[in-house]
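Asker: I'll drop the sequence and a predicted model, then ask my questions.
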Amino acid sequence: MAKVAVLHTSFVFVTVEPVITDLISELIPGAELLHFVDSDVLATVVREQGISERSELRMVHLAQAAEAAGADVIFSACSSLGPTLDAAQRAVGVPVVKIDQAMATIAARSDRIGVLATVPTTLGPTSDLIASVAAGSGRSPHIVQRLCPGAFDVLMAGDRVAHDQMIADQAAELAGEVDVIVLAQASMNRLVERLEAETGLPVLSSPRSGVENLARIVREVSHHGSPMN
């Protein structure tokens, strides 16, 4: 039985939005799931308007704790702290998987990409990841960033309806400028079908593609002892 550790930077996927846990149960049946939460680090990054060395070290420590607990694979559920996962990977001997890596690969195939977020610190890392993937293929797409101010706080307060409407309003404005919309946070996942219907555009979200990627790596670790490239 594979042991999968999920790193969280808030309690949203533990108490409010169980999408990641549900997907892991569906796509990696039988996996033992461990949760490691630093519920303040995302708030710190928002407050400091960027990732400090101290915040990066906190994510490294979280990954090291997961490895010490016997995790076979570590899965980061936070896009805002995505850049810290490279340092975390260097510090541990098991694979560290970013939730939005697979989504970025798909998005990078488009020419005009809209990135929609409810936390300001997610816009940069998600856009940078997409741009980096595209550059690896010799492409330079136009990326438009759009923030839904206050929506994440509304969600954490338990008002999903208001949160969803705030995102839908911003998506409608963004739709005229882009060919595809990327939802930068997994907490926005359940809006994919609604936004596709309302905007007429493809809408990408990280949880399913991210957990599918995680499942592939778990299989490789189980079969070979280390992930294949």
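Answerer: That came through fine.
Asker: Strands of this protein, start to end?
Answerer: 3-8, 32-37, 73-76, 96-98, 112-117, 142-147, 180-183, 203-205 (DSSP state E).
Asker: Turn those into TSV, including distance to A162, mean neighbour count and mean pLDDT.
Answerer: Any C-beta I mention is one placed from the backbone N, CA and C, and that applies to glycine too. Formatted as TSV, the strands of the chain follow (distance: least, C-beta to C-beta, whole Å; neighbours: other C-beta atoms under 10 Å; pLDDT from 0 to 100):
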stretch	distance to A162	mean neighbour count	mean pLDDT
strand 3-8	23	23	94
strand 32-37	25	16	94
strand 73-76	28	26	96
strand 96-98	29	25	95
strand 112-117	16	25	96
strand 142-147	16	16	96
strand 180-183	17	26	96
strand 203-205	19	24	95
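Asker: So which of these is nearest I51?
Answerer: strand 73-76 (13.1 Å; C-beta to C-beta).
Asker: Show me what the closest one is packed up against.
Answerer: strand 3-8, helix 53-68, helix 85-91, strand 96-98, helix 206-224 (3 or more C-beta pairs under 8 Å, 6 or more residues apart in numbering; DSSP states H and E).
Asker: again, only using 6 Å
Answerer: Applying 3 or more C-beta pairs under 6 Å, 6 or more residues apart in numbering; DSSP states H and E, one finds that strand 73-76 contacts strand 3-8, strand 96-98, helix 206-224.
Asker: Could you save those as TSV and add columns showing distance to F152?
Answerer: Below are the helices and strands packed on strand 73-76 laid out as TSV (distance: least, C-beta to C-beta, whole Å):
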stretch	distance to F152
strand 3-8	14
strand 96-98	19
helix 206-224	15
